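What follows is a predicted protein model with its sequence.
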Amino acid sequence: MGKFFKKNMNKKFILLDCTLRDGGYYNNWDFNVVNIQKYLNLIHQTSIKFVELGFRFSEKIKLKGQTAYTEEKLINNLKIPKNISIGVMINASDLVGNKKSPLKICKKLLPNLKKSKIKFVRFACHHEEVFLLSDCLKWLKKNKVKVFVNIMQISEIKHNQIKNICNFLKRKTDVLYLADSLGSLKFNQVKKIVHMFKKYWKLDLGIHAHNNLNLALKNSIQANKLGVIWIDSTITGMGRGPGNTTTEEIIKEKFGVNEFKNFKSNSTFKYFSKLKREYKWGSNLYYEIAAKKKIHPTYIQKILSDKRYQKSDYKKIIDTLGRSGSKKYNPYKLINSAYFLEKKPVGKWKPINEIENKNVLIIGAGESVRKQKFKIEKHILKENLYVICLNSSGYINEKLINLRAVCHPIRMISDAIFHRRSKTKIVLPYSMLKKNIKNSLKLNYSKIFDFGLSINSSKKILVKNKYCFLPFPLALGYSLSIAISGKAKSITFAGFDGYKTSDSNQDETEQIFKEFINLYKNYKFISLTKSKYKFLKFNN
């Protein structure tokens, strides 16, 4: 690689490290101040001058770690080396499509900009979003902040779109970044796209390469040879899906073996290596297939990181995603378009006919259920509880389970064999499934309770007699809706142990719990097993 690099590198080269921003997709941006400071100190020892410290998300409910929001308080608590310029990334989707103007939201996300230590702001945009950011770009330039624009899914962009983007961004943007979001670019495609951009763009270009095909480093080198100045990298490649161009390899090839050795021997590098062993990012067969099928890598990341899925499920799920048009990561769009009929929610079963005035126990997949199996079973029998189990959760005697609730399409597919073999009744939004999905499930209709589900883009929860609206397709929310629709006398829980802060799955579960607790105050949410969710009252 060294000879290849030296032969092909442009003398002009700027490396931007975005480990804490892109890497957060794996540990939910859960970096503490000590590790962030050590990271900056490590970067200070290299020839890297630009660091993208994190995102500046607009979420009101802050359930992610510190570098998801990268607030001024965090930045001011850090000792930022003088030779490093720090910046943040803002998703254009957080600014557009709202009642408020993009500029108004942008100003809210970047308060006291003149006093801030932020030196650059990068916007992550789909090509159509670029044209809605004009006021934001001008405002930042006026405040002497460097402006970068990331054009996502660069492999899918067309010639006329490139021309329009370049013409629009003239004098508004310092660096125009080409992001290979799907990780599908090969050498000849990199060459073609860079040449098209250089035809219309005379300022600096950058590249953010993903490693689906194990080509991130080579594509970055190739782009630099063609005149792309800015190259993104992350330590150990930590980043969404298979990860990115690795900082250590770029350092080795550009800045020399000595700097590379010093970098890798540092304890902070070892910290990121430990994270890689834990979360297992990097290229593999499934990311390669996803790149070829133009599937957003986050879908693959979610499947691989979810222990509920078996390897035997992977190809079937990936094939389904490939047929569903999954270039953008939006699982709720996928659910509505690929699995559910695009119409008002419908259902045929009224939970009130089954559950009214009964004491309901909802059982999750937590390890606590296994540990307290006999105690829980004894309690079920003593209190004559109506038991709803999530998906294919095990441990409890099947004869004590009244109903299994499943609403996520991927879980329907992966658990289909289990449900076909099980004698337990199953509740799912059956009427809303497309015919091909019903056929693939091959479920006995006589054991199905048909309760409708619609994913509500406004993220509001609404429970009706035969269906519900939820912000996420979580079996927890679906089960709660069934119990509430059925006018259950009480609702208790077991097996909701809680996720680590660094697990992104905790966001949706915690939000569902909070929303239901706020909406249905007449229910006491009590857990029979210990939980990290503070709002679940533990009843020993």
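Structure's in. What do you need?

Which residues are in contact with residue 122?
Counting by C-beta atoms under 8 Å, 6 or more residues apart in numbering, residue 122 touches 52, 87, 88, 89, 90, 147, 148, 149, 150, 177. The way it works is simple: take the backbone N, C-alpha and C, and place the C-beta from them, glycine included.

The closest residue to it other than its chain neighbours and residue 115: what is the separation?
Nearest in space to residue 122, with sequence neighbours left out and distances taken as C-beta to C-beta, 6 or more residues apart in numbering, is residue 148 at 3.8 Å. Noted for residue 148: a distance of 21 Å to residue 115, by C-beta to C-beta, to the nearest Å.

Looking at those two now, which is surrounded by more residues?
Just comparing residue 148 and residue 115: by other C-beta atoms under 10 Å the higher neighbour count belongs to residue 148, 22 against 9.

Which element, helix or strand, includes that one?
Under the criterion of DSSP states H and E, residue 148 resides in strand 146-151.

Please spell out which residues along the next helix-or-strand element following that strand are buried.
Counting by DSSP H and E, the next helix or strand C-terminal to strand 146-151 is helix 159-169. Going by neighbour count (16 or more other C-beta atoms under 10 Å), the buried part of helix 159-169 is 162, 164, 165, 166, 169.

Just send those back as TSV, with pLDDT and distance to residue 191 too.
Listed next are these as TSV, based on pLDDT from 0 to 100; distance: C-beta to C-beta, whole Å:
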residue	pLDDT	distance to residue 191
162	96	14
164	96	22
165	97	19
166	97	18
169	96	22
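
Show me what the strand holding residue 148 is packed against.
Judged by 3 or more C-beta pairs under 8 Å, 6 or more residues apart in numbering; DSSP states H and E, the packing partners of strand 146-151 are strand 85-91, strand 118-125, helix 134-142, strand 175-179.

Would you reformat these as a markdown table and include distance to residue 187 and mean pLDDT?
Formatted as a markdown table, the helices and strands packed on strand 146-151 follow (distance: least, C-beta to C-beta, whole Å; pLDDT from 0 to 100):
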| stretch | distance to residue 187 | mean pLDDT |
| --- | --- | --- |
| strand 85-91 | 27 | 97 |
| strand 118-125 | 25 | 97 |
| helix 134-142 | 32 | 96 |
| strand 175-179 | 14 | 97 |
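
So for residue 431, which of these sits nearest?
Proximity to residue 431 (C-beta to C-beta) singles out strand 85-91 among the helices and strands packed on strand 146-151, at 35.1 Å.

report the angle between the axes of that closest one and strand 118-125?
For strand 85-91 against strand 118-125, the angle by axes from the mean of the first three to the mean of the last three C-alpha atoms, to 10 degrees is 30 degrees.

Residues touching strand 85-91, excluding its own?
Contact with strand 85-91 is made by 18, 21, 49-57, 70, 75, 80, 106, 109, 117-124, 146, 148, 150, as judged by C-beta under 8 Å, 6+ apart.

quick one: it to chain centroid distance?
Relative to the centre of its chain, strand 85-91 is centred 18 Å away, using C-alpha atoms, centre = their mean, to the nearest Å.

Restricting to C-alpha, output that strand in PDB.
Taking C-alpha atoms only, strand 85-91 is exported to PDB below (Å, rounded to 0.1, in the frame of the first residue of the first chain):
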ATOM      1  CA  SER A  85      -9.700  23.600  14.500                       C
ATOM      2  CA  ILE A  86     -12.800  21.900  15.700                       C
ATOM      3  CA  GLY A  87     -16.200  21.700  14.000                       C
ATOM      4  CA  VAL A  88     -19.600  20.000  14.200                       C
ATOM      5  CA  MET A  89     -21.900  18.400  11.700                       C
ATOM      6  CA  ILE A  90     -25.600  19.300  11.300                       C
ATOM      7  CA  ASN A  91     -28.000  17.000   9.400                       C
END
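
after the helix or strand of the chain with the lowest mean pLDDT comes which helix or strand?
Using mean pLDDT, DSSP states H and E, the weakest-scoring helix or strand in the chain turns out to be helix 331-334, at a mean of 48. Following helix 331-334 in sequence order, the next helix or strand is helix 352-355 (DSSP H and E).

average pLDDT across that following helix?
The average pLDDT for helix 352-355 rounds to 96.

what does it contact?
With contacts defined as C-beta under 8 Å, 6+ apart, helix 352-355 is touched by 386, 403, 449, 465, 482, 483, 485, 486, 487, 488.

May I see the buried residues of it?
Buried residues in helix 352-355 (16+ other C-beta under 10 Å): 354, 355.

how far does that helix sit from the chain's center?
Relative to its parent chain, helix 352-355 has a centroid offset of 37 Å by C-alpha atoms, centre = their mean.

now stretch 413-428
28 Å.

next one: stretch 258-271
Distance, stretch centre to chain centre, for stretch 258-271: 29 Å (C-alpha atoms, centre = their mean).

for it, which positions count as buried?
Of the residues in stretch 258-271, those with enough neighbours to count as buried (16+ other C-beta under 10 Å) are 259, 260, 263, 266, 268, 269, 271.

what's in contact with it?
With contact meaning C-beta under 8 Å, 6+ apart, stretch 258-271 is reached by 35, 38-39, 41-42, 45-47, 235-236, 247-248, 251-252.

swap in stretch 191-202?
If you take C-beta under 8 Å, 6+ apart as the criterion, stretch 191-202 is touched by 154-155, 157, 159, 162-163, 166-167, 169, 176, 178, 185, 205, 222-223, 226-228.

Counting neighbours, which bits of it end up buried?
Across stretch 191-202, burial judged by 16+ other C-beta under 10 Å covers 193, 194, 196, 197, 200, 201.

Ignoring the adjacent residues along the chain, who's closest to residue 14?
In space, and not counting its chain neighbours, residue 14 is closest to residue 230: 4.9 Å by C-beta to C-beta, 6+ apart.

One more: residue 112?
Distances taken as C-beta to C-beta, 6+ apart place residue 72 nearest to residue 112, at 6.7 Å, with adjacent residues excluded.

Show me how the protein divides into domains.
Annotated domains of the chain cover 2-279, 285-329, 352-538 [automatic domain parsing].

Kindly reformat these as TSV and extend each row with distance to residue 345.
Compiled in TSV, the domains of the chain are given as follows (distance: least, C-beta to C-beta, whole Å):
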stretch	distance to residue 345
domain 2-279	23
domain 285-329	20
domain 352-538	4
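
rank these by pLDDT, which is bottom?
For the domains of the chain, the weakest mean pLDDT is recorded on domain 285-329, namely a mean of 76.

Now name the helix or strand holding residue 57.
For residue 57, there is no host helix or strand (DSSP H and E).

Surely it and residue 68 touch.
Yes. At 5.1 Å, residue 57 counts as touching residue 68 under the criterion of C-beta atoms under 8 Å.

re the thing from before, the strand holding residue 148 to helix 134-142, inter-axis angle?
Using the same axes, to 10 degrees: strand 146-151 against helix 134-142 is 150 degrees.

Tell me which strands strand 146-151 pairs with, and in which orientation.
strand 118-125 (parallel), strand 175-179 (parallel) (DSSP bridges).

Alpha carbons only: can I get that strand in PDB?
Taking C-alpha atoms only, strand 146-151 is exported to PDB below (Å, rounded to 0.1, in the frame of the first residue of the first chain):
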ATOM      1  CA  LYS A 146     -15.800  27.800   7.600                       C
ATOM      2  CA  VAL A 147     -18.700  26.000   5.800                       C
ATOM      3  CA  PHE A 148     -18.500  22.400   4.500                       C
ATOM      4  CA  VAL A 149     -21.300  20.700   2.600                       C
ATOM      5  CA  ASN A 150     -21.400  16.900   2.500                       C
ATOM      6  CA  ILE A 151     -23.300  15.500  -0.500                       C
END
